[in-house]
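Novice: Quick one: sequence plus predicted model below, questions after.
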Amino acid sequence: MQDRELTVDTGTRPALVDLTDECVRFLAEIDAADGLLTVFVPHATAGIVVMELGAGSDADLLRALKTLLPRDDRWTHRHGSPGHGADHVLPLLASPSVTIPVVDGRMTLGTWQSVALLDANADNPQRSVRLAFLPG
Amino acid sequence: MQDRELTVDTGTRPALVDLTDECVRFLAEIDAADGLLTVFVPHATAGIVVMELGAGSDADLLRALKTLLPRDDRWTHRHGSPGHGADHVLPLLASPSVTIPVVDGRMTLGTWQSVALLDANADNPQRSVRLAFLPG
Amino acid sequence: MQDRELTVDTGTRPALVDLTDECVRFLAEIDAADGLLTVFVPHATAGIVVMELGAGSDADLLRALKTLLPRDDRWTHRHGSPGHGADHVLPLLASPSVTIPVVDGRMTLGTWQSVALLDANADNPQRSVRLAFLPG
């Protein structure tokens, strides 16, 4: 297995950050052939989402998230900013991990798929992401 | 690693399509022993769901999806059919990928679990799915 | 690949059960180095969630689940306790599987992340979970 830890700037608002180019670069630099790429975020208030970016769906997803898990005072967990308890329930919806088949060194993503870090937590402007490639 | 691309008919309505038999066939044909099977859908408006099929929960899930992500005019993304923006937020809920341990050539699914392709997008009647088996 | 099946007591109420220590013990006992750990629950009404446990978010997540998938009479699937149809839609939100990179025998979890079994189904007080480690 080969792995790499990325540092990702996510800013101070809920955000989706495109990781696709970093994944492509990682696979090129380790000279990957066939295998599984796991993208994993080691944070309890973030997730990995594979989606189309750049045609409005980023904003749609962040808005839907706020509707599904409202940032009000319903949450028992009350550390951090108001409504932050919602961020800790994000893992019910978005997994911290996605595994993507790699063939001939290329992720088998569809045309419109990007690998994105979803960071709902405005209190942490910087996040880590781990890429791990298991050849086979 | 051994992999295969399936073509799946999903029709012109939101649908759950059972992929379990195709996974079993793939593992048999490559003579798999122990390893990890990743089922990955390379489309931005579809996901892989592992669930009980055939006892009403298929309809329940599709209806719940419509309640959680209503097909109305709230979405910024406005290509395709009315409400199609909702399909692009599906990846917040359903991942395009699931990884299943395989022991002695058999997926370690529970009695009631099937591997299903969830295609919420009525505009695409046919989808690809990639199966990738990493032995170990 | 090395794998192990755990038996987990989940009680007679919807519950989140911490599996982190069992994962750590498994990796130690098989003397794991680098590779991918897949945690998989072979039940159609349960999921694996990676989250912070013990600071109120457990209760928050279980309550949010009840709001998102209400345990009322809307469900077609009507076996088991009233509202049990909701449990069968859980896989839309929570996957039965998570894959975590392991480096030098240790899961690359963040400080606040635990691996939890989410069992929304009050009718089954005991569940299986499979751990599978693929070295590489």
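Specialist: Arrived safely, thanks for sending.

Novice: from here on, contacts and neighbour counts on C-alpha atoms
Specialist: Fine.

Novice: remind me, longest strand of chain A?
Specialist: Counting by DSSP state E, the longest strand found in chain A is strand A:126-135.

Novice: got a list of what residue A:109 touches?
Specialist: A:100, B:42-43 (C-alpha atoms under 8 Å, 6 or more residues apart in numbering or on different chains).

Novice: Kindly recompute the last result at 10 Å.
Specialist: A:20, A:50-51, A:100-102, A:115, B:40-44, B:96, B:130 (C-alpha atoms under 10 Å, 6 or more residues apart in numbering or on different chains).

Novice: With residue A:125 instead?
Specialist: Contacts of residue A:125 by C-alpha under 10 Å, 6+ apart are A:8-15, A:119.

Novice: what's the offset of stretch A:109-123 from the middle of its chain?
Specialist: Once both centres are worked out by C-alpha atoms, centre = their mean, to the nearest Å, stretch A:109-123 turns out to sit 5 Å from its chain's centre.

Novice: next one: stretch A:51-64
Specialist: 13 Å.

Novice: can you pick the most crowded of the contacts of residue A:125?
Specialist: For these, the largest number of neighbours (other C-alpha atoms under 10 Å in any protein chain shown) sits with residue A:119, at 30 neighbours.

Novice: Skipping its backbone neighbours, what lies nearest that one in space?
Specialist: The shortest distance from residue A:119 to any residue other than its chain neighbours is 4.6 Å, reached at residue A:46 (C-alpha to C-alpha, 6 or more residues apart in numbering or on different chains).

Novice: pLDDT at that neighbour, what is it?
Specialist: Note for residue A:46: predicted pLDDT of 97.

Novice: Let me see the contact set for it.
Specialist: Shown in contact with residue A:46 (C-alpha under 10 Å, 6+ apart): A:14-16, A:40, A:87-91, A:94-96, A:117-121, A:127, C:51.

Novice: tell me the angle of the host helix or strand of residue A:100 relative to strand B:126-135?
Specialist: Taking DSSP states H and E as the definition, residue A:100 sits inside strand A:97-103. In terms of direction (axes from the mean of the first three to the mean of the last three C-alpha atoms, to 10 degrees), strand A:97-103 departs from strand B:126-135 by 90 degrees.

Novice: And the strands in chain A?
Specialist: A:2-9, A:15-18, A:35-40, A:46-51, A:97-103, A:106-107, A:114-119, A:126-135.

Novice: May I see the buried residues of the first one?
Specialist: It refers to strand A:2-9. By neighbour count on 16 or more other C-alpha atoms under 10 Å in any protein chain shown, the buried set for strand A:2-9 is A:2-3.

Novice: Equivalent analysis for the longest one, please.
Specialist: Buried positions in strand A:126-135, judged by neighbour count with 16+ other C-alpha under 10 Å: A:127, A:129-135.

Novice: Over to stretch A:79-98?
Specialist: Going by neighbour count (16+ other C-alpha under 10 Å), the buried part of stretch A:79-98 is A:83-98.

Novice: How far does it stretch from one end to the other?
Specialist: Using C-alpha to C-alpha, to the nearest Å, one end of stretch A:79-98 lies 28 Å from the other.

Novice: what's the answer for stretch A:65-75, then?
Specialist: One end of stretch A:65-75 sits 15 Å from the other (C-alpha to C-alpha).

Novice: What of stretch A:70-90?
Specialist: End-to-end span of stretch A:70-90 (C-alpha to C-alpha): 11 Å.

Novice: That one near chain C at all?
Specialist: Yes: judged by C-alpha under 10 Å from any C-alpha of the partner chain, stretch A:70-90 and chain C are in contact via A:70, A:74-79, A:85-90.

Novice: which residues sit in contact with the residue in chain A that chain B sits nearest to?
Specialist: Nearest residue of chain A to chain B: residue A:110, at 4.2 Å (C-alpha to the nearest C-alpha). Residues in contact with residue A:110 (C-alpha under 10 Å, 6+ apart) are A:50-52, B:41-44, B:128.

Novice: Derive a ChimeraX selection command for the buried subset of those.
Specialist: Those of the contacts of residue A:110 that count as buried under 16+ other C-alpha under 10 Å are selected in ChimeraX with:
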select /A:50,51,52 /B:41,42,43,44
